Structures are given as structure tokens and as C-alpha cells.
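Student: Model the following, please.
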Amino acid sequence: NKLAIISRRIHGTGHEITLDLEIDLDLCSERRVGMMTDDGVKQYQALRFDEEERKYVVNGPISDPRKSDEEEIMTVAINDIILVPGSPVHLPWAQKCSTPEWESWRYEILRQQNWSLQGAL
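Tutor: Sure thing, here's the model as predicted:
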């Protein structure tokens, strides 16, 4: 990831910002979402978002350790998805934003998460 490369170059491999960034990138790459089941909230892997039907295609539930043979692929209504750290978020309006609005929104997200703006922007 380009952001991780830049962070390592600017801050160094052992710096707190670089380490936090690598953890966050790993978490996001798993693309996990939550869904309520009879046993409580279970985590699933989001495979893709179906724009026409406005539904997520997910695989799971994910167990620890992961047992792929017990997981199943299903299509789930967007309202049944519970966002968990690292969940992919579909933002159709983001492509229509002008650059200043998009940068302002991105800046606010990073500020709230207490990330270094020098390494992230």
C-alpha cells in the first residue's frame, strides 16, 4: 500500500504511526462486517456490493480459527449489515464531490481518528 510505504519512509518502520497504520490496513483488508444472528452478532467477510439490488454479498460467519468449509456465501440487505472496525463502506456520493469537499471530509475523518495528517494526506 502506498500510504504504508510513505509512512515507513517518513516516520520509520518502528514508529507508532506506521505500526498503527499497518494494523489498520490489515484490519481493512479483511473487509469484515457484522450481522445479527440467533447467537448474537457474527462477523462475515464482505465480498462485494451489488449496486443494482443495494445488497452486500458476504461469506461467513467467520470463526477463529477460520473454517472455510463451514462458511457460506449469501446476499444480504444493506440494512442487515452492522459496521465493525475495518468494514468497507459504500459511498456513491464520494465520486461526485468536488476536491475541496472531499479533502475536507477526509481531513475530518483522519482528525477524529487521531492520525498524523502529515503521513496520511
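Student: in stretch 50-68, what's buried?
Tutor: Using 16 or more other Cβ atoms under 10 Å as the test for burial, stretch 50-68 gives 55-58, 60-62. Yep, even glycine has a C-beta here, placed from its N, CA and C like the rest.
Student: again, but for stretch 72-86
Tutor: Buried residues in stretch 72-86, defined by neighbour count with 16+ other Cβ under 10 Å: 76, 81, 86.
Student: I'd like those as JSON lines, with distance to residue 15, secondary structure and pLDDT appended.
Tutor: Below are those laid out as JSON lines (distance: Cβ to Cβ, whole Å; DSSP: H, G, I helix; E, B strand; the rest coil; pLDDT from 0 to 100):
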{"residue": "76", "distance to residue 15": "39", "secondary structure": "strand", "pLDDT": "92"}
{"residue": "81", "distance to residue 15": "34", "secondary structure": "coil", "pLDDT": "89"}
{"residue": "86", "distance to residue 15": "22", "secondary structure": "coil", "pLDDT": "77"}
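Student: mind giving me a markdown table with those residues and columns for distance to residue 10?
Tutor: Listed next are the buried residues of stretch 72-86 as a markdown table, based on distance: Cβ to Cβ, whole Å:
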| residue | distance to residue 10 |
| --- | --- |
| 76 | 40 |
| 81 | 35 |
| 86 | 24 |
